[in-house]
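Peer 1: Fold the following, please.
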Amino acid sequence: MARAAARVVLSDIARFAAAGGRPLRPYQAECARAICRSVRRVDGRVFTVMFARQMGKNETSAQLEAYLLTLYAQRGGGIVKAAPSFKPQTINSMLRLKETLERSPLTRRLWRPEHGYMVRVGDASIAFFSADRKANVVGATAGLLLEIDEAQDVDPDKYDREFRPMASSTNATTVLYGTAWAEDSILERQRRINLEHEARTGERLHYEYDWTHLAALNERYRAFVRREIERLGPEHPSIRTQYLLQTLTDAGRLFSAEQLAALRGAHPQEGAPEPGALYVAGVDVAGEDEQAEDAAMRLAAPRRDSTVVTIAAVTRNTAGQPVARVVDHVWWTGRSQVWQYEHLLQLWDRWGFARVCVDASGIGAGLASFLAARRGERVERITFSAALKSRLGYDLLAMINTGRLSLYRGEGPEIRECLAELRACRYHLRAAEQLAWAVPETEGHDDFVVSLALAARAAESLVPPAAGGMIRPTAEETGW
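Peer 2: Have a look, this model is predicted:
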């Protein structure tokens, strides 16, 4: 490319992106230009950039990196970029940058990889790191720019001790990218600082674009997000954080008063199956005390953990989604595993379950294995992990928010205990956008809540939902 034409292309990041065949949308160009001004002036600003999912945050970052590497190819300078994990997040960032450099007529013959974690254009370079707590990153210097991707998932102490100092000696600009999550994340912490700075000085350092910005430009994206909101409900944590960019309180009650009210159905408790109805169950398994009576153990302080079977009738709504009506609970405390297994089989014969999700963690592993051997593929054994319990919590909230889960009306001990546990259930936020939830030990148990979540999973798994579990838009859907 001729020098005069190259100077025009390098005069503005939006022109640079367009020359490479990937023009930036207006909101992308807006924040990218502000970051470039800070880099060129060596202002050392700390920006926060929040895009709703699939709105081009990674593309903006790659274009920014490619532009600065090209602009500083002769003068030299370094960029450091980090993400919560090296694989796949950091690797994906490297691949996206390489594709961007390969497309640009200014760089396709000039860029080269180095050392497996760096990319160089002339005398300018970028180094990619993992921000995992165990990763060793001390010693790198960000001469031009420090980027932290998915900053809501990066440990604040790791950032403060090891990454933030990389920009100190050069007064380099810093950018924290991500979506909303917890109140104590480095992204939310810096967002508040930037908003206070803007209110005081008028200088904008926080750039936030919820889903409506791309929806106004892309009909397919608009349709996709609307389907997700309809599927999960507007109060679902994924919708609030990933598309509406609303930060969640770091800890609180898992179910709001409105959600608990929505759970209360008008249908009666059923002691026996209705002809032609389809039933599923969720089983949370407890340990045994062969000398105990159920009622006596429940009156003990603190109450012993119980096995709870939640039985639900399943239908489909007009969108083909499962609708689960909880019709009965079975509640055993202090019973042996053999006794529970025999009575579960009796329950199954009575109700003709189409699907059962059973707790296979710890003491429940043996019972779940025997049940699966007897009933085959209709049994899903659930071995709990932090990620899986988070997923169960998300899915349970989705069914409640969209009116697809309800409890029978009644005043018996089972429904009273179930409602008490639902009211007492708390959550706190973990990295990687995980929900940890349970009833505090001082307030009781969560066996009814876990059993309800397993019943909801059983209902959902009868036929996979059309939209899947938080499926993201494809490149074709978003226009990238």
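
Peer 1: The nearest residue to L244 once chain neighbours are set aside and V225, how far apart?
Peer 2: In this structure, L244 finds its nearest non-sequential neighbour in D210, 5.6 Å apart by C-beta to C-beta, 6 or more residues apart in numbering. Backbone N, C-alpha and C define where each C-beta goes, glycine included. Distance, D210 to V225, using C-beta to C-beta, to the nearest Å: 10 Å.

Peer 1: And R37, by the same measure?
Peer 2: 31 Å.

Peer 1: Please say which of those two ends up with more neighbours.
Peer 2: More neighbours surround V225 than the other of R37 and V225, with 24 against 12 (other C-beta atoms under 10 Å).

Peer 1: domain ranges for this structure?
Peer 2: Using automatic domain parsing, the domain ranges for the chain come out as 3-209, 249-461.

Peer 1: can you tell which of those domains is closest to T241?
Peer 2: domain 3-209 (4.5 Å; C-beta to C-beta).

Peer 1: Any stretches of the stretch 101-250 of the chain with poor pLDDT?
Peer 2: By pLDDT under 70, the weakly predicted segments of the stretch 101-250 of the chain are 250.

Peer 1: still on that earlier bit, can you report how many residues neighbour the residue nearest to L244?
Peer 2: D210 has 19 neighbours, counted by other C-beta under 10 Å.

Peer 1: show me what contacts it?
Peer 2: Applying C-beta atoms under 8 Å, 6 or more residues apart in numbering to D210 gives the contacts 52, 243-245.

Peer 1: likewise R120?
Peer 2: R120 sits next to 69, 111-114, 126 when contact means C-beta under 8 Å, 6+ apart.

Peer 1: before we move on, what about V314?
Peer 2: Going by C-beta under 8 Å, 6+ apart, V314 touches 278-280, 322-325, 354, 459, 462.

Peer 1: Let's see that with 10 Å instead.
Peer 2: Contact analysis of V314 by C-beta atoms under 10 Å, 6 or more residues apart in numbering lists 277-280, 322-325, 354-355, 404, 455, 458-460, 462-463.

Peer 1: PyMOL command to pick out the buried ones of those?
Peer 2: Here is the PyMOL command that selects the buried residues among these (16 or more other C-beta atoms under 10 Å):
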select buried, resi 278+279+280+322+323+324+325+354+355+404+455+458+459+460
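
Peer 1: Phi and psi next, for A180.
Peer 2: Backbone geometry at A180, expressed as degrees, to the nearest 10, gives phi -70, psi 150.

Peer 1: thought it was touching E208?
Peer 2: Yes - with contact defined as C-beta atoms under 10 Å, A180 reaches E208; the gap is 8.9 Å.

Peer 1: any common contacting residues for these two?
Peer 2: By C-beta under 10 Å, 6+ apart, A180 and E208 have these common neighbours: 50, 52, 191, 245.

Peer 1: shared neighbours, D210 and V225?
Peer 2: Taking C-beta under 10 Å, 6+ apart as the contact rule, D210 and V225 both touch 52, 242-244.

Peer 1: So which of those belong to helices?
Peer 2: The helices, defined by DSSP state H, take in nothing from these.

Peer 1: Please convert the buried members of the residues you listed into PyMOL selection syntax.
Peer 2: To isolate in PyMOL the members of those that are buried, counting by 16+ other C-beta under 10 Å, one can use:
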select buried, resi 52+242+243+244
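
Peer 1: Tell me the one of the shared contacts of D210 and V225 nearest S361?
Peer 2: The closest of these, once distances to S361 are taken by C-beta to C-beta, is Q242, at 28.7 Å.

Peer 1: show me what contacts that closest one?
Peer 2: Q242 neighbours (C-beta under 10 Å, 6+ apart): 51-54, 179-181, 210-211, 225, 228, 236, 433, 470, 472.

Peer 1: show me what contacts V450?
Peer 2: Residues in contact with V450 (C-beta under 10 Å, 6+ apart) are 282-285, 308, 310, 359, 382, 384, 389, 392, 396, 421, 425, 437-439.

Peer 1: Just the buried subset of these, please.
Peer 2: Here, 16+ other C-beta under 10 Å leaves 282-285, 308, 310, 359, 382, 389, 392, 396, 421, 425, 437-439 buried among these.

Peer 1: Tell me which of those fall in helices.
Peer 2: Those of these lying in helices (DSSP H): 389, 392, 396, 421.

Peer 1: and the most centrally placed residue in the chain, how far is that from R457?
Peer 2: Against the mean C-alpha coordinate of the chain, by C-alpha atoms, centre = their mean, the closest residue is E433 at 4.0 Å. E433 sits 19 Å away from R457, going by C-beta to C-beta.
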